[in-house]
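Asker: What follows is a predicted protein model with its sequence.
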Amino acid sequence: MICKNCGHENDDRRRYCEKCGEYLYPEEDFTETTKVHKVQTVVKTDKKKVFHYVLIGMIVTLLVVGGSSIYFMNQLRVSKNAEIASLEKKNQKLTKQVKKLKQQQSKSDTSYDKEIAKLNKENKEQAQKIVELQEQLSGQDTSSSSSSSTKKSSSSD
Ligand SMILES: [Zn+2]
């Protein structure tokens, strides 16, 4: 405190001037100022404490939220990856099945084709045989009929 009387700078706690002995502040003022000072310091420390708590809380919140979000993102990614892997597996299975079915189909197709070709060949052979037999029969028929007709004609004559 600066003395009003002599201007000497005294310690804040002093009630009387160190140099001239002047009563520095009236009792009420002094108590008021100390009270105010105390309150201010309390508020300051409280503010500091609060700030620290807020800072710590923010950091903790950030850590928790960030960590959990990263964890969940990872979890999500893991589950998605698992899903993708399972889907890829299914897809592979399906492609394998399709391949198998195609192979079977082509196999059966070729086997059917072969069988059909074989049957066609047999059919043709049989048809040829039938034609031959028919020719033979018709040959016999024509010969017999011609003979009969000649017989007939000769008989009619
Ligand atoms: Zn003084």
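Answerer: That came in fine, so what should we check first?

Asker: Please list the residues of the chain that sit near the ion.
Answerer: Contacts of the chain with the ion, taken as C-beta under 5 Å from the ion, map to 3, 5-6, 8, 17, 19-20, 22. All C-beta spots, glycine's among them, are computed from the backbone N, C-alpha and C.

Asker: which intervals of the protein have sub-threshold pLDDT?
Answerer: 26-40, 42-43, 140-157 (pLDDT under 70).

Asker: helix/strand/coil for the most centrally placed residue in it?
Answerer: Nearest to the mean C-alpha position of the chain, by C-alpha atoms, centre = their mean, lies residue 80 at 3.7 Å. Put simply, residue 80 is helix when judged by DSSP: H, G, I helix; E, B strand; the rest coil.

Asker: show me what contacts it?
Answerer: Not one residue lies near residue 80 by C-beta atoms under 8 Å, 6 or more residues apart in numbering.

Asker: Can I have the buried ones of the residues of the chain next to the ion as a ChimeraX selection?
Answerer: In ChimeraX syntax, the buried subset of those is picked out as below (16 or more other C-beta atoms under 10 Å):
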select :3,17
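
Asker: Restricted to strands, list the residues of the chain next to the ion.
Answerer: With strands taken from DSSP state E, there is no overlap with those.

Asker: Is it possible to get TSV of the residues of the chain next to the ion that adds distance to residue 125?
Answerer: Shown next, in TSV, are the residues of the chain next to the ion (distance: C-beta to C-beta, whole Å):
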residue	distance to residue 125
3	142
5	147
6	146
8	142
17	144
19	146
20	148
22	146
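
Asker: Next, residue 48: phi, psi?
Answerer: Main-chain torsions, residue 48, degrees, to the nearest 10: phi -60, psi -50.

Asker: who touches residue 85 in this structure?
Answerer: Contact partners of residue 85, counting by C-beta under 8 Å, 6+ apart, are absent.

Asker: Secondary structure of it: a strand, I assume?
Answerer: No: counting by three-state DSSP, residue 85 is not found in a strand; it is helix.

Asker: how close does it sit to residue 92?
Answerer: Shown here: residue 85 relative to residue 92, a distance of 10 Å by C-beta to C-beta, to the nearest Å.
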